[in-house]
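Chemist: based on what follows, work out the 3D shape:
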Amino acid sequence: MNEQTENLVLEHLRHLRAGTDRIVDRLDDLTDRVGRLEVDMAQGFARTEVALAEHSVRFDKIEKGLDRIETRLGLIEA
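Modeler: Residues are numbered from 1 along each chain as shown. Here you go, the predicted structure:
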């Protein structure tokens with residue numbers, strides 16, 4: 001190969017390398033962002049599960065209270 005051809009090949013290789021470097025940087029950025037989204041979603045699901053458990057406890061207490069009221073009023077048999 002002559003010098004001009006070698007320089008052209010090197011120029012193309014440098015261009016390809018720069019493009020690849022940009023892709024790798026972007027992929028790293030996207031990977032970080034997806035990781036943060038996964039953490040946020042997991043925390044959101046955990047908060048939802050806690051809220052559901054708290055509501056379940058409250059509903060159980062309300063149900064017991066209604067049962068007592070119905071029993072006292074004679075609406076159901078003891």
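Chemist: residue boundaries of the helices in this protein?
Modeler: Assigned by DSSP state H, the helices in the chain fall at 3-72.
Chemist: which regions of it lie under the pLDDT threshold?
Modeler: 1, 78 (pLDDT under 70).
Chemist: residue with max distance from the center of this structure?
Modeler: Within the chain, residue 2 marks the point farthest from the mean C-alpha position, 55.3 Å out by Cα atoms, centre = their mean.
Chemist: what about it, distance to residue 9?
Modeler: 11 Å (Cβ to Cβ, to the nearest Å). Just so you know, the C-beta spots here come from the backbone N, C-alpha and C atoms, and that holds for glycine as well.
Chemist: residue 51 now?
Modeler: The gap separating residue 51 from residue 9 is 63 Å, by Cβ to Cβ.
Chemist: do residue 17 as well
Modeler: With distances taken as Cβ to Cβ, residue 17 is found 12 Å from residue 9.
Chemist: swap in residue 57?
Modeler: To residue 9, residue 57 is 72 Å away according to Cβ to Cβ.
Chemist: what of residue 21?
Modeler: 19 Å.
Chemist: cool, residue 16 as well?
Modeler: Residue 16 sits at a distance of 11 Å from residue 9 (criterion: Cβ to Cβ).
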